[in-house]
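[1] model this:
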Amino acid sequence: MAWFKRTDKGIKTSTEEKKDAPDGLWYKTPNGNIIHTRELKNNSYVCPDDDYHVKIGSKEYFEILFDNNKFEELDIKMKSGDPLKFVDSKPYTSRIEQTIKKTELNDAVRAAVGKVNNFDLVIACMDFNFIGGSMGSVVGEKIARAIEYSLKHKIPFLMISKSGGARMMEAGFSLMQMAKTSAKLALLDKAGIPYISLLTDPTTGGVTASYAMLGDFNIAEPGALIGFAGPRVIRETIGKDLPKGFQSSEFVLEHGFLDFIIDRRQLKNRLTTLLKLLNN
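    Reported below is the predicted structural model:
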């Protein structure tokens, strides 16, 4: 019966001395599986129990892809202006400043050049934490300049998309980025330099309608939301229920809009294989 009684050797820590576990030490997936954040990072931010791909940003993708996390970042200091003097609940400039301070990012995309398993590669990667990964003038300009760098140095280009679409605070200036980036990609195609587009969760709106779907190879992560308008808008427009799994990367692949789906843990090696094939 000693098992049911506290003895002198039992835990005697007072309530005041007890400590809570630090925030962010564990991650819980939507399916309820719990994993230590260190193990999650070592597993390319994929939960091994259910293969759930945690949403990550440019910092994590660069760590996963670039050899020894070494790269040269391009156009680091570029920040958004306020061409329309947009004011909603607060001025656009204030929101930009607060988001920069909160995320430690200058805008919703970062571009860098480095080696991936000893292959030179230019990567532009979007960050959803910066105003929903929305596409404004700076996003379009940084992607265009990254493509120009690929053209000049004859290096393949990888675009990692993660976005809610066009940035409404820049209106027409935002929509112009669709044409600008598409025109730059046409030059890349003309020069015979490979362009790989990786669509992650979510990739929607004007981003899907432009550079995200223009790759020589369009690939995606498992379970990513990919589409133009949201499911609710489409359902209300056509007045019908949508198929199960509508706009998931698996559904998009089945209907011919993707070349293949790739597990993030295999991303670096699969990209290397693809680059070898394209190089030959």
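[2] Do a quick rundown of the strands in this structure.
    Assignment of strands within the chain using DSSP state E yields the ranges 26-28, 34-36, 71-74, 109-116, 119-126, 157-163, 195-203, 217-220, 260-261.
[3] and those strands as JSON lines, adding mean neighbour count, distance to S150 and mean pLDDT?
    Any C-beta I mention is one placed from the backbone N, CA and C, and that applies to glycine too. Written out in JSON lines, the entries for those read as follows (neighbours: other C-beta atoms under 10 Å; distance: least, C-beta to C-beta, whole Å; pLDDT from 0 to 100):
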{"stretch": "strand 26-28", "mean neighbour count": "13", "distance to S150": "35", "mean pLDDT": "91"}
{"stretch": "strand 34-36", "mean neighbour count": "14", "distance to S150": "36", "mean pLDDT": "92"}
{"stretch": "strand 71-74", "mean neighbour count": "16", "distance to S150": "10", "mean pLDDT": "98"}
{"stretch": "strand 109-116", "mean neighbour count": "22", "distance to S150": "8", "mean pLDDT": "98"}
{"stretch": "strand 119-126", "mean neighbour count": "23", "distance to S150": "5", "mean pLDDT": "98"}
{"stretch": "strand 157-163", "mean neighbour count": "27", "distance to S150": "4", "mean pLDDT": "98"}
{"stretch": "strand 195-203", "mean neighbour count": "25", "distance to S150": "8", "mean pLDDT": "97"}
{"stretch": "strand 217-220", "mean neighbour count": "22", "distance to S150": "15", "mean pLDDT": "98"}
{"stretch": "strand 260-261", "mean neighbour count": "14", "distance to S150": "22", "mean pLDDT": "97"}
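[4] Format those as CSV; extra columns: distance to L84.
    Output for the strands of the chain, formatted as CSV (distance: least, C-beta to C-beta, whole Å):
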stretch, distance to L84
strand 26-28, 39
strand 34-36, 44
strand 71-74, 27
strand 109-116, 20
strand 119-126, 22
strand 157-163, 20
strand 195-203, 25
strand 217-220, 32
strand 260-261, 39
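[5] OK, contacts around the spatially most central residue of the chain?
    Using C-alpha atoms, centre = their mean, the residue of the chain that lies closest to the mean C-alpha position is K162, 3.9 Å off. With contacts defined as C-beta atoms under 8 Å, 6 or more residues apart in numbering, K162 is in contact with 55, 57, 125-128, 133, 200-203.
[6] could you redo the last one with a cut-off of 7 Å?
    With contact set as C-beta atoms under 7 Å, 6 or more residues apart in numbering, K162 has these partners: 126, 128, 133, 200, 202-203.
[7] Which strands and helices lie in contact with the biggest helix by length in the chain?
    What stands out as the longest helix in the chain, according to DSSP state H, is helix 171-190. Judged by 3 or more C-beta pairs under 7 Å, 6 or more residues apart in numbering; DSSP states H and E, the packing partners of helix 171-190 are helix 137-153.
[8] For the helix it packs on, what does the pLDDT average out to?
    Regarding helix 137-153, the rounded mean pLDDT is 98.
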